[in-house]
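>>> kindly generate the corresponding structure for this input.
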Amino acid sequence: MKLRACLTSLLLAATTTMAVEIDAETFLKSLDGAKVLKGRAMEYELSGASYRTYQPEVSPSPDGGLFASIRIDHMRGFLASDDHASLEITISPDGAIVAAQSSIALQGITISSDLIKGTAAASTNVAAPYVDRAVKIGTDLVADLSSKLLREKIVEPGRVSFPAVIRHNYNLLFQAVKKAEATVRPADAPKPVAAPEVKPFQPNQPLVPPPKK
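This is a model prediction of the structure:
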């Protein structure tokens, strides 16, 4: 009986797990610019050009991690159409970046990077090997974009520096990944059904009541 009560209490007890999340507010503030669109985006200057980054769109992945997508605009002024870029990052349940991909749209020209995945290569950072993996993914991502952008013979300064701006957003997003405690409570156990009351048999009591006179 004691064992059954102990198992029941363990099943009903709340369990605490670690959940990964992205602090979108911290990410936007780290861009160090001016909030626009009711706080949903940040405009800032980098490398002598103006850019706008929107709040990340985050969705959970089946393995318990996250998928984050960011839109970045190159603001070219009133007489020119803006350029656009997207940055997509896959984050594992323990908060490590496992893959990234990006694309840039420049008035009829679309440049897309390969899907850059992290490897299980040896890390020099023993305390936090996921940091080295994130750095490697970011470096390979920008190198791939820059080489493809160079083939298009782009010379406008704000466009040439677009891959570096994407890397800047990538770094800040990685720093905004947080681990938070999540309390998971199992479903309530069904309540036991009371057994019907059974009266003891009495020998002197007649089984069938006598007929009425």
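>>> what helix or strand does Ala68 sit in?
Here Ala68, judged by DSSP states H and E, is contained in strand 66-75.
>>> give me every residue that touches the residue sitting nearest the centre point of the chain.
Among the residues of the chain, the one closest to the centroid is Leu66, at 2.7 Å (Cα atoms, centre = their mean). Residues near Leu66 by Cβ atoms under 8 Å, 6 or more residues apart in numbering: Val20, Glu21, Ile22, Val58, Ser59, Pro60, Thr90, Ile91, Val177. C-beta: built from backbone N, CA, C; applies to glycine.
>>> beta partners for the fourth one?
Yep, that's Val58 we're talking about. Val58 has these beta-bridge partners by DSSP bridges: Ala68.
>>> roughly how far apart are it and Ile22?
Noted for Val58: a distance of 5 Å to Ile22, by Cβ to Cβ, to the nearest Å.
>>> identify the contacts common to the two.
Shared contacts of Val58 and Ile22, counting by Cβ under 8 Å, 6+ apart, come down to Leu66, Ala68.
>>> so between the two, which is more surrounded?
Here Val58 and Ile22 are compared on neighbour count by other Cβ atoms under 10 Å; more neighbours surround Ile22, at 20 against 15.
>>> residue contacts, the more buried one?
Pro56, Val58, Leu66, Ala68, Ile91, Leu173, Ala176, Val177, Lys178.
>>> can you give me the pLDDT of it?
Listed pLDDT for Ile22 reads 95.
>>> over to it: give its phi and psi.
phi -110, psi 120 (degrees, to the nearest 10).
>>> low pLDDT regions in the protein?
Applying pLDDT under 70 to the chain flags the ranges 1-18, 120-128, 181-213.
>>> which stretches in it count as helices?
According to DSSP state H, the chain carries its helices in the segments 2-12, 24-30, 129-151, 157-160, 162-175.
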